[in-house]
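[1] need a 3D model of the sequence below.
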Amino acid sequence: MKRVTLFSDGSALGNPGPGGYGTILRYGGRERELSGGEAHTTNNRMELRGVIEGLRALKEPCEVEIVSDSSYVVKGINEWLANWVGRDFKKVKNPDLWKEYLEVSAPHRIRATWVRGHDGHEENERCDSLARAVATRMKEEQNGSDVHT
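    Next up is the predicted model:
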C-alpha cells in the first residue's frame, strides 16, 4: 500500500463568505497541488473540503497521513467521527461533508496529524496561500471586479 501525505488548509473571508481550500498530495518525490472553493461557505467547510478533494484524487487505496492546522478536521477524524456515525450525525455541523468524507476515505488507512497554523510549516503555508488565493478571487468576482482584466 502506497504511503501518501495529504497537506490541506481552508479559508473563508467573512466566515461565512467566499472560501477556498488548498491541498498538496505527496507520494515519494512527487507532489500534486489542488485548490478550489465556494462562493458562500465557512472556514471549517473549506478545511474539510480540502481533505475530501485530496482523498478523491487518489487512484488506489493508500496509507494517508492528513496534515492540517484544523483541530476540527483532525479531532473529527481521530476522535469524534465514530460517535457521530453512531448517532447518525444528529446535532453535528456539516453532516453532508462528513458523510462525503466517510465515502472517499473508505478505501484508505487514514491518520490525521495537527500542525500549528501560520507557524512556518512549509506545506501548511503553501496550502494556506492556495486557499486564500481562491477565496480572494471569489470575493473579487462577487464584488464585480475581475482580476483578469
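[2] for E31, give me the pLDDT.
    E31 is assigned a predicted lDDT (pLDDT) of 97.
[3] does it belong to a helix, a strand or coil?
    E31 carries the three-state label strand when classified by DSSP: H, G, I helix; E, B strand; the rest coil.
[4] what sits against it?
    When contacts are counted by Cβ atoms under 8 Å, 6 or more residues apart in numbering, E31 is found next to 24-25. C-betas here are computed from N, CA, C, even on glycine.
[5] just use 53 as the starting number from now, easier for me
    Noted, 53 is the first residue going forward, which turns the last one into E83.
[6] partner residues bridging it?
    Beta bridges link E83 to R78 when assigned by DSSP bridges.
[7] just R163 next, same as before
    When R163 is checked against DSSP bridges, its beta-bridge partners turn out to be E117.
[8] count of neighbours near it?
    13 (other Cβ atoms under 10 Å).
[9] from R139, how far off is the residue nearest the centre of the chain?
    The centroid of the chain falls nearest to G102 when counting by Cα atoms, centre = their mean (2.3 Å). Here G102 is placed at a distance of 26 Å from R139 (Cβ to Cβ, to the nearest Å).
[10] cool, A187 as well?
    32 Å.
[11] before we move on, back to that, so what's the residue nearest to the centre of the chain up against?
    Applying Cβ under 8 Å, 6+ apart, the residues near G102 are 60-62, 73-75, 86, 120, 179, 183.
[12] out of these, which is most surrounded?
    Counting neighbours by other Cβ under 10 Å, D61 leads those with 34 neighbours.
[13] nearest residue to that residue in space, please, no chain neighbours.
    For D61, the nearest residue in space outside its immediate sequence neighbours is C179; the separation is 3.7 Å by Cβ to Cβ, 6 or more residues apart in numbering.
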